[in-house]
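Asker: need a 3D model of the sequence below.
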Amino acid sequence: MGDVVSSHLDEGRREAITARTTEVMKQFGDVYKQQYAVALFNSIRFEIEGGGAPQSQLLHRKDPLAGRSIFSGSLFQYLEENRKWRNRFVSVPESYTVSLYESKTAHERGLHPKGTINCAGYKALTSIEEYMELINTSLPGVKASAGSNPFIKCASQFPLILWHPYARHHYFCVRTEKEHKKWHAVLQDCVRHSNNGLSEDCTVQTPAFTDSVRLHRQARGHYGTWDMMCGKPPQILANLVMETLHPELRAVIAPRLKGKLQQRQKHWMLISDAVYRQVLSRTTGHYEALVDSCQAQRAPLDARLRTDMDQIIASKEHVSSKMRALVLPKAEQLLRTNVQPYISSILEALMEPTSRGFSEVREVFFRELVEISKNSLNGEGKDILGDHMERLSMLSLHPVKMQSCYEKVEQLNLEGLQQRFDVANPSVFVSRAQILMAEQMDNAVYTFEQLLNQSLETKGEDDVCKTIQGCQDRVLKKYDYDSSTVRKKFFREALLQIIIPYMLQQLSPSYSPELPRFKEMIFEDFARFLLVGNLFEEVVLQCVSKDIMMAVKEAAVQRRHNLYRDSIVLTNSDPNLHLLGESPQVDWAAKFGADEPEGSVGGGRSEGGGSGSRRRQVVSMIQLDGVPLPFESCLEVPGVELIPEEDTQEDLYPLEEAKSPDRVVEIRDLINPVVALALPASKESPTDLTNGTVPTAGTVTWEDGAQENVTHVTTTVKDVPSKPPRDTTSTLAAVQELVENTKRGRDEERQEEAAIKSAIEEIEEAVQEDDSGRIPEVPAAGSDRASPAPVSGSHSDSGLQSPASGGPDEGPPQPITNGLTGEDKALDPVEVEVLLA
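Answerer: All right, here's what the predicted structure looks like:
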């Protein structure tokens, strides 16, 4: 495949890609330097004047992911190099980067992963059909037939695919539906958090960067929302370059691709990935240099702003007033005719699914607290309470438990409004709402933890259930208030992101030629902090904000979707609560001596979870009952050239394990079943009984008349306390009961005879492969014959167990008749094993 990439991306084309990236970064850098000074001015002004945002009632955890590991488990990954499915151990740390290891042992030893995936910009798909709908549009002018075959053959019916418009795609599959749902939730969470790569704590860099990207796209005529504004700044900049570079390269290279449709699609994906990686490496270096240069100038700019802040604000108000007189008449007319009639419908489309999602967050949190209360009423110990609290502390990070909340918001639909207001995709608002929901869940959990810990220390642990319910009521009231505040802010921001680009697109052609004359009104010393383009946008923003604020306020007054009125302010409702926010995070495992939660991994120590606490995993590992995962399995799949263009029906065999008995003793157990009998030995002749296995000839007749030959008898003598004599009938009854139980297993034994023969053949093949140093491969899906199912070695439900380890020559021969007839004597119990031929 490297030849395909090198043939279409020669040295000249790579130099052209580098030149295009450098050109875009230079244009972006000029805008970023201007916006950096403006963002610094706004940050310092906010710091001096303060803001009037409502005070949060819930506490905020400083580092929710401290000492956490999100998930780890095993799945199958498709390797394009050799067209095989290889089992991988996957670990998802707190960074939400998917790390792929050769095995679990490699991960525990701290070895480097075989590969890592940054999920920013990806989509987690769960079906081949959904993937083909996206891949069939990758090449222009090519129409794939409906239901056309992909260039990979999935080894099971539960695929998981990470799709990216520019970067390499990743293919996985699992065995069961339970695994499928859990892994899909985990991958979606990785995508969600990786997309949220811009930190809100950076009050200067983040606003400067987002405004620069928006202005850069507006200069090229793109005013609407952008669904590729995801990831870290270098990734966003790479997407910005690829937005125009990708279609240009596709138009040149796609007609030159040869082969079948699947081959051309695959080759174009490899070429696109190579271009994206080249662009990303360039944007990373350019952005780091750009940030360093702006940071070096921050100190003198900060000093000048703090000195001349009053004068700069006065100059800004003067210029803004002049600009409002020019812009407002036409802006208000446009607002009344083209925007106001749609505000209520847009707001309703946002409010319905978002409010249901936040209500589901409250319900999930409430159910967890009810479960803890029930356990405390049942009288469970402190260690159980500590274990439940440890799990509760990770609730917001649990993608499976939060999935029901996220699904409510995914129903958000802006159909009919996207073309009018140039909304590319509602996923921008869905992802933002889901991040806010997770934050509110964690705030509620953290507040409950701190309140419960304080109550237990002051009131004691006598009535834990009552204490839990009291803390629960306080936290739910605070959650309702904060939920209303967060949602109203989200609705206002979403409406602005939808309406403002439309207003600017309509007004900019008329007023852009008039803006330069306003520069003359700004002092030269202040020109770096007051840009006429930003002032124009602020005037339009103020014009629209009044109608948006009024629409959200009316929805709150009507008590729709459980929104609180702005007049309801819970200030100082719990004056001592903010003091708890400075307290360290409660380590419930150390406080109550609880065991590590299921799925905890023994990685590094947590910094914020108390002394000596181990790194805890949020989601428990997926382990199938009775089916251990073969970490070294490798599945063969047909090559691309073997998959026809036409639709064909092929049966996909499920993944099976290549496991068989690997010891002679296990094979002997399968061939010669063993029956264990406990028979009494006579006290009058103890010397006649010794340990050992001797050959003998005899038969055992079952109730159905069938007879079995007895080949060996193994005798084990044990000293036990003496017991009162018992009659012979009890011993015979025990033997009869054992015989009856053995009879039930006869049918199963007959069914296993065929499997025994296959197991013997498999052992011989395994021994030969072990001698040659090869690793047996699991047959690929679609092969003619699946590998035999593993057969258990020494124990089964029929009561059979493996023979004793003693050899047949140990001890003198012992007759079996005494034990079977059971004479009426005072005897001690002896274990006799009867081997049935």
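Asker: point to the helix or strand of the chain where mean pLDDT is at its lowest.
Answerer: strand 634-636 (a mean of 36; mean pLDDT, DSSP states H and E).
Asker: where does the stretch 701-837 of the chain dip in pLDDT?
Answerer: Where the stretch 701-837 of the chain drops to pLDDT under 70, the residues are 701-755, 757, 759, 764-837.
Asker: switch to 50 and redo it
Answerer: 722-731, 735, 772-837 (pLDDT under 50).
Asker: for the chain, same thing?
Answerer: Checking the chain against pLDDT under 50 turns up 594-614, 622-665, 667-668, 670, 683-687, 722-731, 735, 772-837.
Asker: quick one, strands of it?
Answerer: 68-69, 71-79, 84-92, 98-101, 115-117, 123-125, 158-163, 170-174, 616-617, 634-636, 674-682, 692-701, 707-717, 827-836 (DSSP state E).
Asker: neighbouring strands for the fifth one, and are they parallel or not?
Answerer: The pairing partners recorded for strand 115-117 under DSSP bridges are strand 98-101 (antiparallel).
Asker: what of the second one?
Answerer: The strands that strand 71-79 pairs with in its sheet are strand 84-92 (antiparallel), strand 170-174 (antiparallel) (by DSSP bridges).
Asker: how much space between S376 and Q469?
Answerer: 10 Å (Cβ to Cβ, to the nearest Å). Any C-beta I mention is one placed from the backbone N, CA and C, and that applies to glycine too.
Asker: buried ones in stretch 109-121, by neighbour count?
Answerer: Neighbour counts over stretch 109-121 (16 or more other Cβ atoms under 10 Å) mark 113-114, 117-121 as buried.
Asker: CA atoms of stretch 189-204 as PDB?
Answerer: Coordinates of each C-alpha in stretch 189-204 appear next as PDB, following Å, rounded to 0.1, in the frame of the first residue of the first chain:
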ATOM      1  CA  ASP A 189     -17.500   8.800  25.100                       C
ATOM      2  CA  CYS A 190     -13.900   8.900  23.800                       C
ATOM      3  CA  VAL A 191     -15.100  10.800  20.800                       C
ATOM      4  CA  ARG A 192     -17.200  13.200  22.900                       C
ATOM      5  CA  HIS A 193     -14.400  14.100  25.300                       C
ATOM      6  CA  SER A 194     -11.700  14.200  22.600                       C
ATOM      7  CA  ASN A 195     -13.800  16.700  20.600                       C
ATOM      8  CA  ASN A 196     -14.000  18.900  23.600                       C
ATOM      9  CA  GLY A 197     -10.300  19.800  23.400                       C
ATOM     10  CA  LEU A 198     -10.500  23.500  24.100                       C
ATOM     11  CA  SER A 199     -10.100  24.300  27.800                       C
ATOM     12  CA  GLU A 200     -12.500  26.900  29.200                       C
ATOM     13  CA  ASP A 201     -10.000  27.700  31.900                       C
ATOM     14  CA  CYS A 202      -7.800  29.400  29.300                       C
ATOM     15  CA  THR A 203      -9.600  32.700  29.300                       C
ATOM     16  CA  VAL A 204      -7.300  34.300  26.800                       C
END
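Asker: contacts for it?
Answerer: For stretch 189-204, contacts defined as Cβ atoms under 8 Å, 6 or more residues apart in numbering pick out 36, 39-40, 43, 46, 70, 92, 96-98, 118-124, 162, 206, 209-210, 230-233, 235-236, 298, 399, 402, 406, 431, 434-435.
Asker: show me which of those are buried.
Answerer: For these, buried by 16+ other Cβ under 10 Å: 36, 39-40, 43, 70, 92, 96-98, 118-124, 162, 209-210, 230-233, 235-236, 399, 402, 406, 431, 434.
Asker: roughly how far apart are I161 and R298?
Answerer: With Cβ to Cβ as the criterion, I161 and R298 are 44 Å apart.
Asker: could you do R109 as well?
Answerer: 44 Å.
Asker: picking up where we left off before, of the strands paired with strand 71-79, which is nearest E317?
Answerer: Among the strands paired with strand 71-79, the nearest to E317 by Cβ to Cβ is strand 84-92 (50.2 Å).
Asker: out of the contacts of stretch 189-204, which sit inside helices?
Answerer: 36, 39-40, 43, 46, 206, 209-210, 233, 235-236, 298, 406, 431, 434-435 (DSSP state H).
Asker: of those residues, closest to A555?
Answerer: Scanning those for proximity to A555, where the rule is Cβ to Cβ, the winner is Q434, at 21.3 Å.
Asker: how about that closest one, what does it touch?
Answerer: 192, 357, 405-406, 409.
Asker: what of K181?
Answerer: K181 neighbours (Cβ under 8 Å, 6+ apart): V400.
Asker: when S376 and Q469 are compared, which one has more neighbours?
Answerer: Comparing S376 with Q469 by other Cβ atoms under 10 Å, the one with more neighbours is S376, at 21 against 15.
Asker: ok, back up a step: reformat the buried residues of stretch 109-121 as a markdown table; add distance to Q506.
Answerer: Formatted as a markdown table, the buried residues of stretch 109-121 follow (distance: Cβ to Cβ, whole Å):
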| residue | distance to Q506 |
| --- | --- |
| P113 | 50 |
| K114 | 52 |
| I117 | 41 |
| N118 | 38 |
| C119 | 37 |
| A120 | 33 |
| G121 | 30 |
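Asker: which of these sit farthest apart?
Answerer: So, the buried residues of stretch 109-121 by Cβ to Cβ: farthest apart are K114 and G121, at 21.8 Å.
Asker: can you add distance to A289 and give the contacts of Q434 back as TSV?
Answerer: Formatted as TSV, those follow (distance: Cβ to Cβ, whole Å):
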residue	distance to A289
R192	30
G357	41
C405	41
Y406	38
V409	38
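Asker: quick one: which of those residues is nearest V557?
Answerer: G357 (22.5 Å).
Asker: correct me if wrong: that closest one contacts S404.
Answerer: No. Look at G357 against S404 with Cβ atoms under 8 Å: they stay out of range, at 9.2 Å.
Asker: which of the two has more residues huddled nearby?
Answerer: G357 (25 against 13).
Asker: L436 and K478: what is the separation?
Answerer: Taken as Cβ to Cβ, the span from L436 to K478 is 16 Å.
Asker: quick one on the thing from earlier: now distance to I313 too, for the strands paired with strand 71-79, in TSV please.
Answerer: Output for the strands paired with strand 71-79, formatted as TSV (distance: least, Cβ to Cβ, whole Å):
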stretch	distance to I313
strand 84-92	47
strand 170-174	51
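Asker: so which of those strands gets nearest I372?
Answerer: Short answer: strand 84-92, nearest of those by Cβ to Cβ, at 26.6 Å.
Asker: show me what counts as buried in stretch 508-521.
Answerer: 508, 511, 515, 518.
Asker: what do you get for stretch 432-445?
Answerer: 432-434, 436-445.
Asker: for the residue lying closest to S43 once chain neighbours are set aside, give its distance to A303.
Answerer: What sits nearest to S43 in space, not counting adjacent residues and going by Cβ to Cβ, 6 or more residues apart in numbering, is T203, at 4.5 Å. From T203 over to A303 the distance is 18 Å, taken as Cβ to Cβ.
Asker: ok, S138 next?
Answerer: The gap separating S138 from A303 is 53 Å, by Cβ to Cβ.
Asker: the more surrounded of those two?
Answerer: Neighbour count, other Cβ under 10 Å: between S138 and A303, S138 has more, with 17 against 10.
Asker: distance check, G460 against C294.
Answerer: Using Cβ to Cβ, which is the criterion applied here, G460 is 56 Å from C294.
Asker: oh, that last question was meant for G285, not what I typed.
Answerer: 15 Å.
Asker: show me which of these two is the more surrounded one.
Answerer: The residue with more neighbours, out of G285 and C294, is C294; 21 against 13, by other Cβ under 10 Å.
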